[in-house]
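Engineer: the following block contains a protein sequence and its predicted model.
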Amino acid sequence: GEAAGDEAPAAAGDGDGLRDAPKSPVQRRLEKRCRSPQLKPGAGGLLPRLWDLNSPASLAKKRREELLEAHAALNARKVAHAKAVAQKTSAERRREVAALADRIEGKLRAAEERREEILNDRRQRAGGKPRSPAAHARATWAVLDAVEAKLKEAEERRAGEIERRAESARRHLGRVKDRCDQLRTVRKLQAWWRASTQRRKVALRFLASDPGGALCAVFAASAAADAAGTAPAFEPLAHHLSDPAVISAARRFLDSLKRRNAPRTTVSAARSLLASLMVVHHPDTVLGPAAHEAARGSRRRAALRKRLALAARWMHRALLALTRVVTSHAVKERRFAALAEVAGGVGTVRSLHLAYARAFVAWKQADALCLADELQDAFVQITLNLRDIEEMIQANPHDPGLHQHRDGNAGQLEAISVRVAKLLGHRQYQEWLPRANAQ
């Protein structure tokens, strides 16, 4: 009843608010016309004529009145709808306010009940019998015992967890170690297989060029002496090594030592390989006596001579070992161990041949410089003789012997210059010539 009583004034107030709202000019004109008095029949002194009812003015007036009535009805409906919406909105707001007030009241009552419970509990505790010091101490010791038991239990649980994790880590490390050992073994086997396959390929590629025949041709003159442990004669050995067939065999052998796509061996390289046999069997004849080098005081030449002789000796031994392996029956049957030995021999000969080539080049350069110095001394002596002959020719210009002697010395100087240029090269010869002329 109170809600209905409150609702009626609110609705009335809303209606008054709608009526007091600002109106458009059309609405004001319509209301003014509705409030104007109607003409009575006979007003104005004359009755309307009957034929004026269907006149355009009468029809327009009738149409205007119908439109006014339609607008008035539409406005009435809009006002009624606005009143209904306002009443509905006001009712919803009142319901929300009432629900919020109910919730607030419920929370306040619950808080008050909780407060009363807490106060009652405190009153009951305060009204009870107080504990004695002994009971308090027992309670304290009980709490400490409980805490100690929990700590001990936590420590045991921690130790057990640590042991479990350590055991798990040990098992994992064991599995990792086993896996690493397995992978290491697999990689070793793979490396061994690759190396064995590569050695087999090297050996087969080396044997494809018939190196046994080439080595036998090279060592044909010194095979008997090598077997007997003596040195062959110098002249037969030099004649054998200068044979074009032997030089060709040495080139084939060096070509078989090279890797794929390497340039072919030159004749000079083959001759340097054959020279190693001469160095091994007749070192004093080829390199010169060691005492002579020591007497001249050239430590570098003596060291290079020793290095070249040692490199030639080691390469000669490797070549003899490779010849025995290549001509063996196991290699002809292409046995795996024999092929591996052939590959190892090929690698050894390659390394030793490279060391021998470097030692040979170094010794040859030093020997060329030494020979250039000797030629320089001869050049200086011939130049001095030529100057003396020129002075003698100036004193006796008609002596044909002096002219012939001068021409001979000039020819010797030219021959020495050509030899030094060929020996040292153009650049070093250009440095050597001014030095020889200055002396």
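Structural biologist: Yes, it's here.
Engineer: where does pLDDT dip in the stretch 51-200 of the chain?
Structural biologist: Where the stretch 51-200 of the chain drops to pLDDT under 70, the residues are 51-53, 125-132.
Engineer: make that the stretch 251-400 of the chain, sorry
Structural biologist: The model of the stretch 251-400 of the chain has pLDDT under 70 over residues 260-262, 289-298, 329-333, 336.
Engineer: walking through it, point out its helices one by one.
Structural biologist: Listed in chain order, the helices of the stretch 251-400 of the chain (DSSP state H, counting those that start in this stretch) span 267-281, 283-287, 290-296, 299-326, 329-332, 336-395, 400-424.
Engineer: which of the ones you listed sits closest to T140?
Structural biologist: Of all the helices of the stretch 251-400 of the chain, helix 336-395 sits nearest to T140, with 86.7 Å by Cβ to Cβ. To be clear about C-beta, it is placed using only N, CA and C from the backbone, and glycine gets the same treatment.
Engineer: okay, the angle between that closest one and helix 267-281?
Structural biologist: Using axes from the mean of the first three to the mean of the last three Cα atoms, to 10 degrees, the inter-axis angle of helix 336-395 relative to helix 267-281 is 100 degrees.
Engineer: distance from the chain centre to helix 336-395, please.
Structural biologist: 49 Å (Cα atoms, centre = their mean, to the nearest Å).
Engineer: could you pull up the residues touching L277?
Structural biologist: By Cβ atoms under 8 Å, 6 or more residues apart in numbering, L277 lies in contact with V218, F219, S222, L237, L241, H316.
Engineer: if we go to 10 Å?
Structural biologist: L277 is in contact with 218-219, 221-222, 226, 232, 237-238, 240-241, 250, 286, 312, 315-316, 319, counting by Cβ atoms under 10 Å, 6 or more residues apart in numbering.
Engineer: now, which of the residues you listed sits nearest I118?
Structural biologist: Checking those against I118 with Cβ to Cβ, the nearest one is M315 at 109.1 Å.
Engineer: thought that closest one was touching V280?
Structural biologist: Yes. At 8.6 Å, M315 and V280 qualify as touching, with contact defined as Cβ atoms under 10 Å.
Engineer: more crowded one of these two?
Structural biologist: Using other Cβ atoms under 10 Å, the more surrounded residue of M315 and V280 is M315, with 25 against 20.
Engineer: give me the residue at the spatial middle of the protein.
Structural biologist: Central residue of the chain (Cα atoms, centre = their mean): R187, 22.8 Å from the mean position.
Engineer: quick one: the helices of the stretch 251-400 of the chain as CSV, columns for distance to R123 too.
Structural biologist: Formatted as CSV, the helices of the stretch 251-400 of the chain follow (distance: least, Cβ to Cβ, whole Å):
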stretch, distance to R123
helix 267-281, 120
helix 283-287, 126
helix 290-296, 126
helix 299-326, 114
helix 329-332, 113
helix 336-395, 104
helix 400-424, 126
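Engineer: what element comes up after the lengthiest helix in the chain heading to the C-terminus?
Structural biologist: For the chain, the longest helix by residue count, based on DSSP state H, is helix 133-207. Using DSSP states H and E, the helix or strand that follows helix 133-207 towards the C-terminus is helix 211-218.
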